[in-house]
Structures are given as structure tokens and as C-alpha cells.
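> how would this look folded up:
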Amino acid sequence: MKRDKSFVDHIRVHCRAGDGGHGAVSFRREKGVPRGGPDGGDGGNGGKVILIVDRNTDNLRNFHYDPKLLAEDGVHGQTYKRHGRDGKTKIGRVPPGTVIYRSPATEVMEAVEMERSEEGVDLVPVCDLTEEGEEFILLEPGKGGKGNFHFRSATNQVPQERELGTEGDEGIFYFELRRIADVGLVGFPNAGKSTLLGKISAKQPKVASYPFTTLTPQVGVVSLPDQQRCTVADIPGLIEGAHNNRGLGHEFLRHITRCRVLLFVVDMPGSELRNPIEDIQTLRTEIKLYDEDLSKFPWMVVANKMDLEGAEENLQIFKNRFPKVPVIPISAMEGDGIEGLKVEISDFLKASIEEGE
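Next comes the predicted model:
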């Protein structure tokens, strides 16, 4: 399946802080001052690599075209005790919900060849950036070295010593975006998630009658009762084996780890020749196999397409099979049951907040 290059949610980035400039070896030489002494200046410090959370950045697309963050080196020291200029800091802007990992590889070029999906490659978590305006110093720069002016003494009036600047930190990092939303819509392709998001929010995702219409996570803002609002994510459709990265695989699953509540959207009449009971069992299994903690999230079922033949009969069978699971019947296409669903979402979110306190 062809990936949408306009939306990039994970990528490897080569990052390097600047090296410190070397101290200078220099002696003052002016007319009438034959022995002016040492005047070598200090080298400048290298630039840092800093990440800033920017809500106006919605994915990691910029790094796809230029997958590196390289700060400037410090300038070497100069004559007349002049200090070398510090290197400019390199800033990378990332969207809220970006998790940064570091490759354990010791050689940069070795790490460049690594793929996220390779077995045996353990990435080290570095930071989790979620708050707007949050800053994180990813790499520290090298320090500038001292010039020979600092090494003068009564017994060493013509010092040839100086300090070399130290190297800045360097490495290959893996940037992974995990969309932040209160509610995640989970379901198989063509279950009606995109249509539902379009009905409950101002978001208008692409809708069509073929699988995998949604290839990137879509987030809409939903107005709830009591003048409350929440964010709802329509995440690419799941298929069996997604925990092993089949189909959209991890392209889907990484984005539900941020949600507080999961809504499983099910094609209740089986209009896509699917069985709603088998669908919910498969969806729950895939989520549990991907992350055990996800299976413990609050969840309910949205029984969609209730306007179609066979939906009512299947709904009763479904409720008998899962008597303790909240099931909300709707027709996203017709707009039936939408207001009731908003009430249920509001109650579910309130309950999840109380449980977390």
C-alpha cells in the first residue's frame, strides 16, 4: 500500500550538536611592542540541538525531506584575545505527542541503515513531548578550547599550549508521532468511522466505498453536552494481524495509545460480508497483542449502519453475546443516534477521568 507522503508519523533523523572551536596560539606583534606576549583567544562553544513542541506542526513531514538536525560548530579563537563566535543552535519543531528514541548503535552510518521494523533493534526512549511550547535539549554541544593567553606564567612567557574544542554529541534518533485525542475510533475498513467523525465534528475526512479510504489519522473537535468539548481521532482501519504490522499495522496502532476512551465502530448488519461478533473479538485481540495496557482502556461499541436490513436482528445477538459491553446503535450515514452517542461519550470521559484520579 502506498504511503501518504503528506503525512509522516515516524522517521529516523541524524542529529549532531556543534563541536567547540579550538583555542588560538597567537602572540601580540605591534610596532614598538616587540614582546607583547600571548594573545590567543578562546574558541566558541558549539550549537545545541533543541526540539520545540509546535501545535501548528501536525506531523513530521519536514523531516522526510531533510532528515537531519545539524547545529553549527563554534568558531576557533582569534588574535588579540578575541573569542570565537558560538555556533548557532539548531531547532527542530515537532507536533504534540512526539516520542523520541535513540538508536543504541555506536556508529552513525550503521544506525542510518537501521529500519524501525528490524528485529533485535532496541531503541532507547529519550523524551515524550506533549505540551505546546515545551522545549527539550536533545544534544549538548562541544565546549570551546582556551587560547594560549590562559597558559602564560612567570616561567612560561611564550606558551605554545592551547586547548582543543571538544566534540558535540551526535546520534541517530527515531521520531514517532502518537496523535493526542480523547477518543479513538477503532474499526475495520468501511465500518463507517470517517462518516461518523464527519457527523459529530466539523472534520470532513475522505469517505468512499472501498477499504482504507483513511490512510492517515484524522482528528476532529466534538461539542458535547454541558458545553464541553473533546477531540476524536479517526484512525486508519485495522485488519487481522495488525499487531504484526500487517496492512496499516503500526501505522494505526501507535495512535490509540494516547486516547482515554476507545470506540469500536462495528458494521452491525454485516454489509461488508463480515460478522460483527467476530469483528469485535478480532479488534480486541489485535489491540491486546499490540499492547496489553490498551486492552484495559475504557471502551464501548458503536453499532453502525442500523438503517440497513439485518441490523436489528444482529444487534440483539450481539448484545446477548456481550451483555456487559455498552452498545450504542446509530446510523452515521443518516445521522440517527448521533446526539445520544455524544451523551455517552461525555459520560464515558467523565468516568475515565474519575477513575484516573
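
> Does Asp9 touch Glu176 like I think?
Yes: look at Asp9 against Glu176 with CB atoms under 8 Å: they come within range, at 7.1 Å. Where you see a C-beta, it was placed from the backbone N, CA and C, and this is true even at glycine.

> between these two, what contacts are shared?
Here Asp9 and Glu176 share the contacting residues Arg254, scored by CB atoms under 8 Å, 6 or more residues apart in numbering.

> Specify which residue of these two has the higher count of neighbours.
Asp9 (24 against 18; other CB atoms under 10 Å).

> Can you tell me how far that one is from Gly41?
Distance of Asp9 to Gly41, computed by CB to CB, to the nearest Å: 46 Å.

> what do you get for Thr285?
To Gly41, Thr285 is 66 Å away according to CB to CB.

> more crowded one of these two?
More crowded of Thr285 and Gly41, by other CB under 10 Å: Gly41, with 26 against 13.

> any chance you could read off phi and psi for Ile280?
The phi and psi values for Ile280, taken as degrees, to the nearest 10, are phi -70, psi -30.

> shouldn't it be in contact with Leu262?
No: using CB under 8 Å, Ile280 is not in contact with Leu262, being 11.4 Å away.

> What's the local residue count around Pro323?
7.

> Run through the bridge partners of Arg93.
Ile52 (DSSP bridges).

> domain ranges for this protein?
Using automatic domain parsing, the domain parsing of the chain gives 1-177, 183-356.

> Flag whichever of these has the least confidence on average.
Lowest mean pLDDT within the domains of the chain: domain 183-356, at a mean of 82.

> and that one, how far from the chain's centre?
Mean C-alpha position of domain 183-356 versus that of the full chain (CA atoms, centre = their mean, to the nearest Å) differs by 22 Å.

> Next one: Lys199 from Arg61, what distance?
Lys199 sits 28 Å away from Arg61, going by CB to CB.

> now do Val94
As defined by CB to CB, Val94 lies at a distance of 11 Å from Arg61.

> Next: Val302.
In terms of CB to CB, Val302 sits 31 Å off from Arg61.

> neighbour count winner among those two?
Val302 (26 against 16).

> all helices in the stretch 151-300 of the chain, in order from the N-terminus.
According to DSSP state H, counting those that start in this stretch, the stretch 151-300 of the chain carries its helices in the segments 193-200, 250-253, 276-290.

> where along the chain do the strands fall?
Assigned strands in the chain, in chain order: 10-16, 49-53, 68-70, 90-94, 98-102, 124-129, 135-139, 170-177, 183-186, 218-224, 228-234, 261-267, 299-304, 327-329 (criterion: DSSP state E).

> Show me the contact partners of the fifth one.
Counting by CB under 8 Å, 6+ apart, strand 98-102 makes contact with 51, 53, 60, 123-129, 136, 138, 171-178, all of which sit outside it.

> can we see that at 6 Å?
123-129, 171, 173-177 (CB atoms under 6 Å, 6 or more residues apart in numbering).

> Give me the buried subset of the residues you listed.
When those are checked for burial by 16 or more other CB atoms under 10 Å, the buried set is 123, 126, 129, 171, 173-177.

> Between these, which sits nearest Asp66?
When the buried ones among the contacts of strand 98-102 are compared for distance to Asp66 (CB to CB), Phe175 wins out at 12.8 Å.

> and that closest one, what is it in contact with?
With CB under 6 Å, 6+ apart, Phe175 has these contacts: 11, 13, 60, 98.

> ok, so of those residues, who is nearest Asp86?
Of the contacts of Phe175, the one sitting nearest to Asp86 (CB to CB) turns out to be Val13, at 23.1 Å.

> From what I see, the closest one and His64 are in contact.
No: using CB atoms under 6 Å, Val13 is not in contact with His64; the gap is 10.0 Å.

> higher neighbour count, these two?
Neighbour totals were compared for Val13 and His64, and Val13 leads with 21 against 13 (other CB under 10 Å).

> so Ile200 touches Val222, yeah?
Yes: counting by CB under 6 Å, Ile200 does reach Val222; the two are 4.9 Å apart.

> More neighbours: these two, which one.
Ile200 (24 against 21).

> quick one, longest helix in the chain?
helix 338-356 (DSSP state H).

> Same question for that helix: list its buried residues.
Quick answer for helix 338-356 (16+ other CB under 10 Å): 341-342, 344-346, 348-349, 352.

> mind listing what Ile50 touches?
89, 91, 135, 137.

> can we see that at 7 Å?
For Ile50, the contact set (CB atoms under 7 Å, 6 or more residues apart in numbering) comprises 89, 91, 135-138.

> repeat for Gly20
43, 45-46, 74, 141-145, 165-166.

> Not counting its neighbours along the chain, what's nearest Gly147?
Gly40 (3.2 Å; CB to CB, 6 or more residues apart in numbering).

> repeat for Glu132
That would be Arg55: by CB to CB, 6+ apart, it lies 4.9 Å from Glu132.

> what does Val232 give?
Val183 (4.4 Å).

> what's the neighbour count on the one you found?
By other CB under 10 Å, neighbour count at Val183 equals 26.

> Can you verify my assumption that it contacts Arg258?
No: with contact defined as CB atoms under 7 Å, Val183 and Arg258 do not form a contacting pair (10.6 Å).
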